[in-house]
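*Asks:* Take a look and give me a structure for this.
(4 chains)
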Amino acid sequence: MQVLYFAWIRERIGIPKEQVETSAVTVADLVDELRGREERYALAFSDMASVRVAIDQELVDLDAPLGDAREVAFFPPMTGG
Amino acid sequence: MQVLYFAWIRERIGIPKEQVETSAVTVADLVDELRGREERYALAFSDMASVRVAIDQELVDLDAPLGDAREVAFFPPMTGG
Amino acid sequence: MVVRVQTDDFDIGVEISMMTAGRQDIGAIVTFSGLVRDMTGDQSVAVMELEHYPGMTEKALEKIEADANGRWPLQATLIIHRVGPLNAGANIVLVATASPHRQAAFEAAEFIMDFLKSRAPFWKKESGVDGGNWVDARDTDEEALARWTVSDD
Amino acid sequence: MVVRVQTDDFDIGVEISMMTAGRQDIGAIVTFSGLVRDMTGDQSVAVMELEHYPGMTEKALEKIEADANGRWPLQATLIIHRVGPLNAGANIVLVATASPHRQAAFEAAEFIMDFLKSRAPFWKKESGVDGGNWVDARDTDEEALARWTVSDD
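*Replies:* Predicted structure coming up:
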């Protein structure tokens, strides 16, 4: 699936998106998997209270199942307007 | 003093303003005096719940004293905006 | 703080540009514009005649504007009210409020409109195919004032 | 119902003209515009960078607009949000609502802004003399949503 990062999460991980092959069941599982990869992921996901998630462009909870998601996005709380 | 009429009160009385010499103490006294003059005044002031009053361009109650008012205005509830 | 009573139309974009010209400290601008509707209830309206009380109108609007400025941290306020005959679809009134914060701008604009409706000396007469009639004041407009007499929050 | 995400500036007057063109049934138009302030707290801001999530942004704004149209009798709605680098004093966002009634227009505009702030995928980065930093979401913005989850009256 495609994984996207925005704002300071993008800056910490260093890339705006990447293709990820995973057998993670939930978003939280995917986060754990990414955290285990490299320090920059662990840093980006160190405070999950400040992380929001969308699956296929819909906001979901951290424990949402990935299902057959094509696109998962991680970003900070939104600050538009 | 100058007495002014607006909207349908002006239409019923037939003039936008007139000079009135009166010894009325309150606005209500003045209204009684005007009512006694002619039918068109009685008609204009037949339902005082629909009449608002300003003395010298400030909204007041019907029982307000006229004091040394220079200008008294009668008009329906306002409908601006 | 600006108050204008005029027969001429206004342009919201121009008014906002004048309000913000040369400044970079404004965070939020709310505008309200009121227009002549071609129908009220079942009656068609071709022309709306706006009568007012020259002198008192300006005083009343300035007081409403000053009250709003006393209640909210506003950086600029504007009230324009047209008078005379206005066709269906025409602008009647423009209220604009500028503040660092959106909630203040929204509340102040609503406050100004609520008081303008029932406390500024304007009267509307609608003319349509069925002749002319003075618009009645609505109880809901009077009731709208009540929410501002209690504390802000 | 119109949603636009763009780098270009907008002109409120032009947008309102397009919204009202050819119609005479609108009674009230409320606009909200948000601008880049040159100061937030004690920090001076020279440039604000607006990042967003293309695709999801439009979907989120369209949902917010549709929700507003489901709750109030709106005749037209407009949301324009700019992205990219914006200087202090520049427009960020425009929301406009048109309705026969002023209260509906006001409430719908506030509703749209409240949800846009916390539910549409935009992020602000401020750059001033002290470098750049991402704007923190404010608890008050999240709390502002709560008032819309109970009944309207």
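*Asks:* So which residues on chain C come close to chain D?
*Replies:* For chain C, the contact set with chain D under Cβ under 8 Å from any Cβ of the partner chain comprises C:11-14, C:16, C:20, C:23-39, C:88-89, C:100, C:102-103, C:105-106, C:109-110, C:113, C:144. The C-beta positions use only the backbone N, C-alpha and C, and glycine is treated the same way.
*Asks:* are any of those residues buried, and which?
*Replies:* C:11-13, C:16, C:20, C:24, C:26-38, C:88-89, C:100, C:102-103, C:105-106, C:109-110, C:113, C:144 (16 or more other Cβ atoms under 10 Å in any protein chain shown).
*Asks:* Helices along the chain, start to end?
*Replies:* In the absence of a named chain, chain A is used. A:7-13, A:27-37, A:39-44 (DSSP state H).
*Asks:* Hmm, no, I was thinking of chain C.
*Replies:* Secondary structure of chain C, counting by DSSP H: helices at C:12-20, C:56-71, C:102-119, C:139-144.
*Asks:* quick one: the residue in chain A positioned nearest to chain C and chain D, what's the gap?
*Replies:* Residue nearest to chain C within chain A (Cβ to the nearest Cβ): A:G81, separated by 7.6 Å. Applying Cβ to the nearest Cβ, to the nearest Å, the value for A:G81 to chain D is 4 Å.
*Asks:* who are the neighbours in contact with that residue?
*Replies:* By Cβ atoms under 8 Å, 6 or more residues apart in numbering or on different chains, the contact set of A:G81 is C:R102, D:G34, D:H81, D:I92, D:V93, D:M113, D:L116, D:K117, D:A120, D:F122.
*Asks:* doesn't D:V45 make contact with the fourth one?
*Replies:* No - counting by Cβ atoms under 8 Å, D:I92 does not reach D:V45; the two are 11.9 Å apart.
*Asks:* hey, what's in contact with both of those two?
*Replies:* By Cβ under 8 Å, 6+ apart, the residues touching both D:I92 and D:V45 are D:V36.
*Asks:* Just give me the neighbour total for the closest residue to chain B within chain C.
*Replies:* Using Cβ to the nearest Cβ, C:F122 is the residue of chain C that sits closest to chain B, at 2.9 Å. Neighbourhood size, C:F122 [other Cβ atoms under 10 Å in any protein chain shown]: 26.
*Asks:* list the contacts for it?
*Replies:* Per Cβ under 8 Å, 6+ apart, neighbours of C:F122: B:M78, B:T79, B:G80, B:G81, C:L50, C:E51, C:H52, C:T57, C:H81, C:V83, C:L116.
*Asks:* Pipe those into TSV and attach distance to B:E38 per row.
*Replies:* TSV is the format used below for those (distance: Cβ to Cβ, whole Å):
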residue	distance to B:E38
B:M78	26
B:T79	27
B:G80	30
B:G81	34
C:L50	29
C:E51	23
C:H52	27
C:T57	29
C:H81	34
C:V83	30
C:L116	35
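*Asks:* ok, and the most crowded of those residues?
*Replies:* Ranking the contacts of C:F122 using other Cβ under 10 Å puts B:G80 first, with 27 neighbours.
*Asks:* That one against C:A120, yeah?
*Replies:* Yes - with contacts counted by Cβ under 8 Å, B:G80 reaches C:A120, the gap being 5.0 Å.
*Asks:* Quick check: neighbours shared by the two?
*Replies:* Looking at what touches both B:G80 and C:A120 (by Cβ under 8 Å, 6+ apart), the common residues are C:H52, C:H81.
*Asks:* ok, back up a step: out of the contacts of C:F122, which sit inside strands?
*Replies:* Within the contacts of C:F122, residues falling in strands by DSSP state E are C:L50, C:E51, C:H52, C:H81.
*Asks:* Can you give me the distance of the closest residue to the first one other than its chain neighbours to chain A?
*Replies:* Looking back up the chat, that one is C:L50. For C:L50, ignoring the flanking residues on the chain, the nearest one in space by Cβ to Cβ, 6 or more residues apart in numbering or on different chains is C:V83 at 4.5 Å. Distance from C:V83 to chain A, counting by Cβ to the nearest Cβ: 36 Å.
*Asks:* would CSV of the contacts of A:G81 with pLDDT be doable?
*Replies:* CSV is the format used below for the contacts of A:G81 (pLDDT from 0 to 100):
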residue, pLDDT
C:R102, 96
D:G34, 98
D:H81, 98
D:I92, 98
D:V93, 98
D:M113, 98
D:L116, 98
D:K117, 96
D:A120, 98
D:F122, 98
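*Asks:* ok, of those, which one's closest to C:G132?
*Replies:* D:M113 (39.7 Å; Cβ to Cβ).
*Asks:* Contacts only, for C:S99.
*Replies:* For C:S99, the contact set (Cβ under 8 Å, 6+ apart) comprises C:I26, C:G27, C:A28, C:W72, C:P73, C:L74, C:Q75, C:A105, C:A108.
*Asks:* before we move on, what about C:V5?
*Replies:* C:H52, C:P54, C:T57, C:E58, C:L61, C:I80, C:H81, C:R82, C:V83.
*Asks:* Surely the fifth one touches C:T77?
*Replies:* No - using Cβ under 8 Å, C:L61 and C:T77 do not qualify as a contacting pair, with a distance of 10.2 Å.
*Asks:* These two - which one has more neighbours?
*Replies:* The neighbour comparison of C:L61 against C:T77 (other Cβ under 10 Å) goes to C:L61, with 27 against 24.
*Asks:* How confident was the prediction at that one?
*Replies:* Listed pLDDT for C:L61 reads 98.
*Asks:* Not counting sequence-adjacent ones, nearest residue to it?
*Replies:* Counting by Cβ to Cβ, 6+ apart, C:L61 lies nearest to C:V3, which is 4.4 Å off, once chain neighbours are set aside.
*Asks:* Could you report the neighbour count for that neighbour?
*Replies:* 19.
*Asks:* how about it, what does it touch?
*Replies:* Neighbour list for C:V3: C:E58, C:L61, C:E62, C:E65, C:L78, C:I79, C:I80 [criterion: Cβ under 8 Å, 6+ apart].
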